[in-house]
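1. need coordinates for the below:
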Amino acid sequence: MQSEVRKKLIDAFTAANGDYLSGQYLAEYIGCSRTAVWKHIEELRKHGFELEAIQRKGYRIVKTPDQISADEIRLGLTTNFLGQSIHYQESVDSTQKIAKTLSYENAPEGTVVIAEQQLSGRGRMNRIWHSPKYTGVWMSMILRPNIPLQKAPQLTLITAVAVVQAIQEVSNLSPKIKWPNDILLNGKKVTGILTELQAEADQIFAIIIGVGINVNQQLEDYPEEIQQIATSLAIESGEKISRAQVIRSVLSHFEKLYLLYLEQGFTPIKLLWESYAISIGKSIIARTLTDNIRGKALGITDDGVLMIEDEAGVVHHVYSADIDLSEN
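-> Numbering: from 1, shown residues only. Okay, the predicted model is just below:
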């Protein structure tokens, strides 16, 4: 009950958009006593929110904490279902693990798992993902789309577009996508996306999408071996950026793209993805488990498969690979 009251309180302040709300209005909106409202206002203050209280005008939030708690994310969140249920923990092994467990426990679509720190974060091909505390966005989303099994990889590409749009919205940066799931700034990785499937036979039960965004790290926060290939929004922009704002923006853009995808298919997403891609029309090397394919990146198919034309004019369809820009 307490968390539901808190959620309504945050929703009211979000709708107010900086205006004052009277204690009487909040009591009626939430459905509790004015004393209960005051108690929850005090709880928000204990969690780092600064609230102004003026007699005959009421309350308003003037400053939010530098954290990514459920309360901080909900303040200003305008989505219909994505992020309306948030599971926040200070430190976890992996948000993906928690999201998969919640999914099997029938958590609703749009449930988001967020942590300040991951101890065992990982990326594609089981690579380690460094997730230091209080610096980045480490989250997983639970989705339950009614789509054919073979179309599940398209969700990775939708997520990449949403992250690019979010970064553009909260900063002056212009990120690019490297197929299939890396977001780059000035050639260095700032975001990784991991998509995992829960399915039975040919039916999708859930798709769990993990997103790791380097937001406020400085160069010294990275292990020496990745300092030349990793970056953050703060390093590239020269200023600290609100991680909660980044999360809200990602959730908002993803929900719009996801609903567009369910209604109109992958074609509009494909066009957006290709507009942000770093390699389209360029010479690349695709390193698969069995071969290295050199050629020009033509684009992606309607299923999100990368097309590469080699020197002989043969078009290769690449489903999984590491991509490098060729020097030739």
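2. what packs against the lowest-mean-pLDDT helix or strand in the chain?
-> Lowest on mean pLDDT, DSSP states H and E among the helices and strands of the chain sits helix 2-16, with a mean of 81. Counting contacts by 3 or more CB pairs under 8 Å, 6 or more residues apart in numbering; DSSP states H and E, helix 2-16 packs against helix 23-30, helix 34-46, strand 58-63, helix 70-74. Glycine gets a C-beta too; all of them are placed from N, C-alpha and C.
3. any chance of CSV for these, columns distance to residue 192, mean neighbour count and mean pLDDT?
-> Below are the helices and strands packed on helix 2-16 laid out as CSV (distance: least, CB to CB, whole Å; neighbours: other CB atoms under 10 Å; pLDDT from 0 to 100):
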stretch, distance to residue 192, mean neighbour count, mean pLDDT
helix 23-30, 39, 16, 90
helix 34-46, 33, 15, 86
strand 58-63, 31, 16, 87
helix 70-74, 20, 22, 88
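4. need the ones you listed in JSON lines with distance to residue 149, can you?
-> Output for the helices and strands packed on helix 2-16, formatted as JSON lines (distance: least, CB to CB, whole Å):
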{"stretch": "helix 23-30", "distance to residue 149": "43"}
{"stretch": "helix 34-46", "distance to residue 149": "44"}
{"stretch": "strand 58-63", "distance to residue 149": "44"}
{"stretch": "helix 70-74", "distance to residue 149": "31"}
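5. closest one to residue 160 among the ones you listed?
-> Of all the helices and strands packed on helix 2-16, it is helix 70-74 that lies closest to residue 160, at 21.2 Å by CB to CB.
6. counting by contacts, list what the closest one packs against.
-> helix 2-16, strand 86-92, helix 243-264.
7. how about the strands in the stretch 201-328 of the chain?
-> Taking DSSP state E, counting those that start in this stretch, the strands of the stretch 201-328 of the chain run over residues 203-213, 283-287, 292-300, 306-309, 315-318, 322-325.
8. out of those strands, which is the most enclosed?
-> Highest mean neighbour count of those: strand 203-213, a mean of 21 (counted as mean count of other CB atoms under 10 Å).
9. parallel or antiparallel, which strands does that strand pair with?
-> Paired strands of strand 203-213, with direction, are strand 137-143 (antiparallel), strand 188-200 (antiparallel) (DSSP bridges).
10. please save the CA atoms from the first one in CSV.
-> Backbone C-alpha positions of strand 137-143 (Å, rounded to 0.1, in the frame of the first residue of the first chain) are rendered in CSV as follows:
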residue,chain,number,x,y,z
VAL,A,137,22.6,3.0,-16.3
TRP,A,138,22.3,-0.7,-15.8
MET,A,139,18.8,-1.9,-16.6
SER,A,140,16.7,-4.7,-18.1
MET,A,141,13.2,-4.6,-19.6
ILE,A,142,10.6,-7.3,-19.8
LEU,A,143,8.6,-7.5,-23.0
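11. for the helix or strand following that strand, which positions count as buried?
-> Helices and strands here follow DSSP states H and E; after strand 137-143, the next one along the chain is helix 154-170. Using 16 or more other CB atoms under 10 Å as the test for burial, helix 154-170 gives 154-167, 170.
12. tell me what angle helix 154-170 forms with helix 243-264.
-> Angle, helix 154-170 to helix 243-264, by axes from the mean of the first three to the mean of the last three CA atoms, to 10 degrees: 130 degrees.
13. between helix 154-170 and strand 292-300, how many degrees?
-> 70 degrees.
14. and helix 154-170, what does it pack onto?
-> Looks like helix 154-170 contacts strand 176-178, strand 182-185, strand 188-200, strand 203-213, helix 243-264, helix 267-276 (3+ CB pairs under 8 Å, 6+ apart).
15. any idea of the pLDDT on residue 126?
-> Looking at residue 126, its pLDDT reads 48.
16. and which of the buried residues of helix 154-170 is nearest residue 26?
-> The shortest approach to residue 26 among those belongs to residue 170, at 29.2 Å (CB to CB).
17. hmm, back to that, the helices and strands packed on helix 70-74 into JSON lines, with extra columns for mean neighbour count?
-> Formatted as JSON lines, the helices and strands packed on helix 70-74 follow (neighbours: other CB atoms under 10 Å):
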{"stretch": "helix 2-16", "mean neighbour count": "16"}
{"stretch": "strand 86-92", "mean neighbour count": "17"}
{"stretch": "helix 243-264", "mean neighbour count": "20"}
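18. give me the nearest residue to residue 6, chain neighbours excluded.
-> residue 40 (5.9 Å; CB to CB, 6 or more residues apart in numbering).
19. if I look at the one you found, how far off is residue 264?
-> 42 Å (CB to CB, to the nearest Å).
20. for residue 254, same thing?
-> According to CB to CB, residue 254 and residue 264 sit 16 Å apart.
21. for residue 265, phi and psi?
-> The phi/psi pair for residue 265 (degrees, to the nearest 10) reads phi 90, psi -170.
22. tell me how far the nearest residue to it once chain neighbours are set aside lies from residue 202.
-> Counting by CB to CB, 6+ apart, residue 302 is the residue found nearest to residue 265 once chain neighbours are left out, at 7.9 Å. For residue 302, the distance to residue 202 equals 19 Å [CB to CB].
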